[in-house]
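Asker: sequence and computational prediction follow.
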Amino acid sequence: MPFLKRLGYFLLGLSIGLIFLAFFLRKKTDETGTEFCYLPNCRVLKELRSKPMRTDPALSVPIDTLLIQELLQEGSVDFKASDTKASPCKIYRIDYETGAGEVSITLENCQEYTLLKDYNVQ
């Protein structure tokens, strides 16, 4: 079988497979709200969003809850400043750049809840 004919069959199969995947993955994501988080940043943020949020009583600054929700959706986890091996609760620092400045929070990821330890807006 000539090379061009094999290449044609390969490209035809590849395009059918891509259309198939795009159709089914888009349908699953839109209807059920399922996210495909494979990268560490996405996985940590998804886990933090899935638990009820508590605030540390020692925290004395006013907290913008809408900004916290946006930060947990779009923020980036600073793994160098985080302590992922802490026991019993892992500690994560999340940074987010808004139009007004930079926001960073520190969260403790416990088994049953997420605790907001620090909240800085610059």
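Answerer: Received it, and whenever you're ready, just let me know what you need.

Asker: okay, now the closest residue to Phe79 other than its chain neighbours: neighbour count?
Answerer: Excluding its sequence neighbours, the residue lying closest to Phe79 (C-beta to C-beta, 6 or more residues apart in numbering) is Pro40, at 7.2 Å. Placement of C-beta: from N, CA and C, glycine included. Look at Pro40: counted by other C-beta atoms under 10 Å, it has 11 neighbours.

Asker: what lies in contact with the host helix or strand of Leu48?
Answerer: According to DSSP states H and E, Leu48 maps onto helix 40-49. Contacts of helix 40-49 with the rest of the structure, by C-beta atoms under 8 Å, 6 or more residues apart in numbering, involve 35, 37, 72-73, 75-77, 79, 92, 94, 107, 109, 114.

Asker: filter the residues you listed down to the ones in strands?
Answerer: 76-77, 79, 92, 94, 107, 109, 114 (DSSP state E).

Asker: and these, which is closest to Asp56?
Answerer: Of all the ones in strands among the contacts of helix 40-49, Asp56 sits closest to Leu107, with 10.0 Å by C-beta to C-beta.

Asker: the helices in this protein, which residues?
Answerer: 3-32, 40-49, 65-74 (DSSP state H).

Asker: quick one: the ones you listed as CSV, columns for mean pLDDT and distance to Gln122 too.
Answerer: Below are the helices of the chain laid out as CSV (pLDDT from 0 to 100; distance: least, C-beta to C-beta, whole Å):
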stretch, mean pLDDT, distance to Gln122
helix 3-32, 81, 34
helix 40-49, 90, 21
helix 65-74, 87, 13
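
Asker: would you mind giving those as JSON lines with distance to Pro57 added?
Answerer: As requested, these are arranged in JSON lines below (distance: least, C-beta to C-beta, whole Å):
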{"stretch": "helix 3-32", "distance to Pro57": "37"}
{"stretch": "helix 40-49", "distance to Pro57": "20"}
{"stretch": "helix 65-74", "distance to Pro57": "17"}
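
Asker: thank you, goodbye.
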